[in-house]
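1. Task: produce atomic coordinates for the following.
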Amino acid sequence: MDTEKINAKLFDSLINKIRHTKPSKVTLSGAAENIGAFIIDRMAAELKGAAYSNYDAFLIVTPCQDSAERACYQLETLLKAAPPAVNAKDAAGHKVCLFSSLEWSPYEFLSPSQNLLSDRMSTLKSVIDFEKGAKKLFIVAPIAGLMQKCGPYRELENAGIKIAKNDTLDIEKLVESLAEAGYSAEDPVIDLAQFAVRGGIVDIFIPGLRNPVRVDFFGDTIDSIKTFNIEDQRTIEPIDEVYILPAGEYIYGKAELDAMYRNMNKVSRLAPSHEANRIAEGIKIANIERYAPFMYDHCMPTIVDYMNKYISKYCVFYYSKEDIAAEGAGFLKKLEKLHLENKAEDVYSLPPEQYYKHSDILIKDIEHNNSAVKINLTPYDDSGMDEDGHVYFDLSVAPMPKFAGKFNQFITCVKEFLDDANTVLMILPTSGQIGRMVEVLSSLKLAVVVGENFMTSALARKTVYINEGYLHEGFIYKDEKLAVFSGYEAYGEHQPLYDKQAEIDVKAKAKSRYRKISSHLELADGDYVVHVNYGIGIYRGLTLLSAGGREADYLLLEYSDSDKLYVPVDALSMLHKYIALDGAEPRIGKLNDSSWKRQKATARKSIEKLAAYLVTLYARRSIAKGHQFGLDNDLMRQFEDSFAYKETVDQQNSIVEVKCDMESEKPMDRLICGDVGFGKTEVAIRAAFKACMDGKQVAFLAPTTILAMQHYNTLISRFSSYPVSVDLLSRFRTKSEQKETVEKLKEGKVDVVVGTHRIIQKDMGFKDLGLLIVDEEQRFGVKHKERLKELKNHVDVLTLTATPIPRTLYMSLVGSRDISTINTPPAERLPVKTFVLRYSEDTVKEAITRELLRRGQVYYVHNRIDTINSVVSKLSALVPGARVRAAHGQMDEKQLEKIMVDFCDREFDILVSTTIIENGLDISNVNTIIIERADTFGLSQLYQLRGRVGRAKNQAYAYFFFPHESILSHIAKKRLQAMKEFSELGSGYKIAMRDLEIRGAGNLLGHEQHGHICTIGFEMYCRLLEEEIKKIKGESIERKDEFDCEIEINTNAYLPTTYITSTYQKIDVYKRMVAAAGFDELAELNDELIDRFGKYPEQVYNLFQIVKIKILGRRLKALSVKEEKKHIIIKFQNAGQIDPSAVETLRRKFGQNVTFSDDVEITLLYLTKADLKGDNLLQMIISALKILDASPASGAKK
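-> Got it, this is the predicted structure:
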């Protein structure tokens, strides 16, 4: 295609007019939101005349938080593509700061999000430290964020501490400063504004930093500063210095507390509130921010005041000044209403003007700053006449047409623009999408340029320029014959807001998440435990004992008759938490009793039959022949490249595992276990597409009509550009429509059918079914599962679940079913803040009001259809102005569907529903869920319900209410406690295990097995089952827990409390030491301890040497290594086990200090101690065992 060069750059006519007139105000009418970042970037780069030479700071004001975030990400994209360089040496690195709204009300019980407080503090510090002529500073703020008042200049100007390597600093003073700056002590440090002290190491998570830092002291000298990963607590890289910012913009020192008491006294002669006294005592309380005006004598500036003080000249861009003013006024009006309701009950309740400046006044403050240039980008027709200092320019930007994922229509549109001599710009989110786009456009002989700096270069007509980055939606600028496309126009999905670097960090963290799964049932004092050799006892904690001339840590177990068993930490593998049936309490065993061995033997005999069945089932699967799908073709790769999100590491691994299964002859039966919103559906979609590319049909089974509808809509969107037909079978379809779909399936005219249990009914038929996808299998009844079994005999099966039922989980763990786990959350996803409370209308009102203040929506779960309408009326009265509607499963199909669609389209604010929303709804704008009578729900149900919120980057809230008069049952208490405990991302697996612990194994493996599970515990039962399965298969059984090398050497070997204070962390380290299979793992753990806790004392060094001896002893099948008066005696399991050549090597090295006693049953190796002690003795033992381990006859696994 012929191309024609444009002599001018983008927006040159606008730039030239402004450069020529040098106005103080500019109105750009007809400006769509998405053009804003382009204009800001060009003006920052090009306005370098006399009147604009000092504009290195830019304030961008938007109506709401969402538009601010979009503007921020779009600006970052363009600055990376075309940074407005100050000089050749500093072509990049300009700072874009998001000064968020706190999404907070001073009239509620919750503090603002620490993430938002930290972001704001970081931005304020950037303003204070602004340096002309260095990096350009872009501050993007919603009007509510701009209105929020900050701490005084005097507080923040000198706030913070700069520390550097080799500085002299007292640790205690540093800790005191951190506490005063609003940091909280938490070990380990995993969140912003936390710190931890471990000996000479201080970990700090500082606002504005992506990762926390670890400061290592040698005495009072800073020896090193490193960043570290919050997931595995390991070092990322060393740094030379760091600036420790306060945790937020409000700092509460002694002077502030004195002022608080003084000002509260002026309001009322009553004694200061209980909360005020707690603050004075140094206790951090919820919503401490509401007392800020009292502490700062009611003198609090806004960020505009900060900019006017610290930045001599700056440029302001309004994203529609009219909308900004209206939004700000509306926000303040809502707060005024809350204040009126609150002040009668709280004498210290202050009007909103004490916390926020009115938007009109704020805009006037900006307008009266003669050194600031103000530019209003308005979508309205505001084309006035130019006047002195005020220039009008009509952009007349048109929105880009929407193609609803129809890729061919999109390409046709691109061609039409090019044929009309337009320049086309595309900003796509992933390199895969760019590659796919280049491939398609090049095949049509269209001119394509990738990675061009299109913001500063002269561009060509009839050419497509493509860059990677973020753009919410495209636009058309007719005056410059410019068409700009985003991924939304190309693929039908809005690109998620995410930070690319955060994605990289998440990928780096993925590996450590797997390790977390292994500790789903951590031991706590008072827990029932099962010891492999001694049976069921009660765990009573970790204790340090001195025995035989050595000190070591032991786990104390309590048995009947007050018997005590001290278990060495190196025998941790012999313990596990007790789980049985229905939360029943077990019978505690006796130490001097043979009943435990009898109970295990009885259970093992019963298990043999079940093991044989499972092995037969597994063998049947192994020899069964299924369809062997072909390798990925070009269309498959193109389809994957069109995905709008970045796959997480776990997603990628799961996709590979599913594809490998499908490409083998054996029918796939794989479970994808992943938290809600972690990307299981995308794995299923890839599998479905692969099946369709091989000419096979796919059945996608969902437990509810709503979930089926959502999957259907997702598949329609994803498959719209490909030759794949998708249909829906559920009660949202009429009987005639269902009949037509069934006929089409039988004729092969439908490739993918999505539906509820309707698709597994007897009348259903498929021309060539190749893949069955089952979402949340546990939600289906017994009859449905029997029908599923029939289908599974012939096709590949993929099951998706967030909280696997125990049977499914353990069938996977014992090898009867394959499992893939997705534990990595999407980038920037936050854990849901969870509250378990007695029901309170005030709390309900606060929760709803907070969500509506930030333009969000709310789920309200009321699981009784007969009273659901009265709840709608109650909430409408409780929160006037809120739009409330109800939904439940007995509604007419069309009515229910309309309500759901309206809620997705934000037509109303609060959806009151039954548990019909438990599966399926995925609405990023809903970030508060309120559940009545949470005590009546199952644990996995509560978890699924909580998963309906927190599916975007906003902080989400879940409220689990139970009645005031209700006395919670033991099980209900445990369930609600689990929901509070497991609130972090990726807890589905843990929830499933805790559900198993609370409810017990139930009818997991048949009624006859129940008694045995109660007697020996579920985990022991599963261990025996696994052993029997291996025995039947003829595989070797290594009982590491029943056989281990016993070490008795007189040296102090343990983790002192002065080195690791947390018992939980101690046990975790002991577990990993015991589990280490080789020296490499041990060396890695050694490095980690030094990294996390500093240089360790002699006891820890000795412990590592003891573990090395244990590892070598295991390899050699040594029964024990014991120190006696004159010798070290090593006892071996098998006679004649020692290789004669190794004996000669030992004697050459140690001379007469080596002797053997080779009996019929055992071999004893004697090492004379001579004068060796401490480390020298340990090294002699290790050296001797290494020689034996190296001999060919040892047969040890290296």
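2. okay, now Ile161: neighbour count?
-> 17 (other Cβ atoms under 10 Å). Using the backbone N, CA and C atoms, a C-beta is placed for each residue, glycine as well.
3. what's the closest non-adjacent residue to it?
-> Nearest residue to Ile161 in three dimensions, chain neighbours excluded: Ile244, at 4.6 Å (Cβ to Cβ, 6 or more residues apart in numbering).
4. Look up how far Val529 lies from the residue lying closest to Asp570 once chain neighbours are set aside.
-> Sequence neighbours aside, Val1074 is the residue nearest to Asp570 in space, at 5.6 Å (criterion: Cβ to Cβ, 6+ apart). Distance from Val1074 to Val529, counting by Cβ to Cβ, to the nearest Å: 16 Å.
5. who's more crowded, the two?
-> The residue with more neighbours, out of Val1074 and Val529, is Val529; 22 against 18, by other Cβ under 10 Å.
6. spatially speaking, which residue is in the middle of the chain?
-> Centroid-nearest residue in the chain: Pro825, 3.7 Å away (criterion: Cα atoms, centre = their mean).
7. ok so that one is a helix residue?
-> No - using DSSP: H, G, I helix; E, B strand; the rest coil, the assignment for Pro825 is coil, not a helix.
8. His390 versus that one, what's the distance?
-> From Pro825 to His390 the distance is 49 Å (Cβ to Cβ).
9. got it, and Arg461?
-> On the measure of Cβ to Cβ, Arg461 and His390 end up 34 Å apart.
10. who's more crowded, those two?
-> Neighbour totals were compared for Arg461 and His390, and Arg461 leads with 18 against 15 (other Cβ under 10 Å).
11. What confidence value was assigned to that one?
-> Predicted confidence (pLDDT) for Arg461: 90.
12. wait, it sits on Asp420?
-> No - proximity of Arg461 to Asp420 does not meet the contact threshold set by Cβ atoms under 8 Å, at 9.4 Å.
13. Mutual contacts of these two, please.
-> The contact sets of Arg461 and Asp420 overlap at Lys481 (Cβ atoms under 8 Å, 6 or more residues apart in numbering).
14. hmm, back to that, the residue nearest to Asp570: what secondary structure?
-> Applying three-state DSSP: Val1074 is helix.
15. need the helices for the stretch 551-700 of the chain, in chain order.
-> Under the criterion DSSP state H, counting those that start in this stretch, the stretch 551-700 of the chain contains helices at 595-623, 634-641, 649-662, 680-693.
16. can I get the ones you listed in a markdown table with mean neighbour count?
-> Output for the helices of the stretch 551-700 of the chain, formatted as a markdown table (neighbours: other Cβ atoms under 10 Å):
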| stretch | mean neighbour count |
| --- | --- |
| helix 595-623 | 15 |
| helix 634-641 | 16 |
| helix 649-662 | 20 |
| helix 680-693 | 24 |
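17. Tell me which of those sits nearest to Pro429.
-> helix 634-641 (11.0 Å; Cβ to Cβ).
18. about what we covered before: could you dump the helices of the stretch 551-700 of the chain into a markdown table with distance to Ser913 and mean pLDDT added?
-> Output for the helices of the stretch 551-700 of the chain, formatted as a markdown table (distance: least, Cβ to Cβ, whole Å; pLDDT from 0 to 100):
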| stretch | distance to Ser913 | mean pLDDT |
| --- | --- | --- |
| helix 595-623 | 40 | 77 |
| helix 634-641 | 34 | 85 |
| helix 649-662 | 30 | 92 |
| helix 680-693 | 22 | 94 |
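19. Can I get those in CSV including distance to Glu1081?
-> As requested, those are exported to CSV (distance: least, Cβ to Cβ, whole Å):
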stretch, distance to Glu1081
helix 595-623, 31
helix 634-641, 35
helix 649-662, 21
helix 680-693, 31
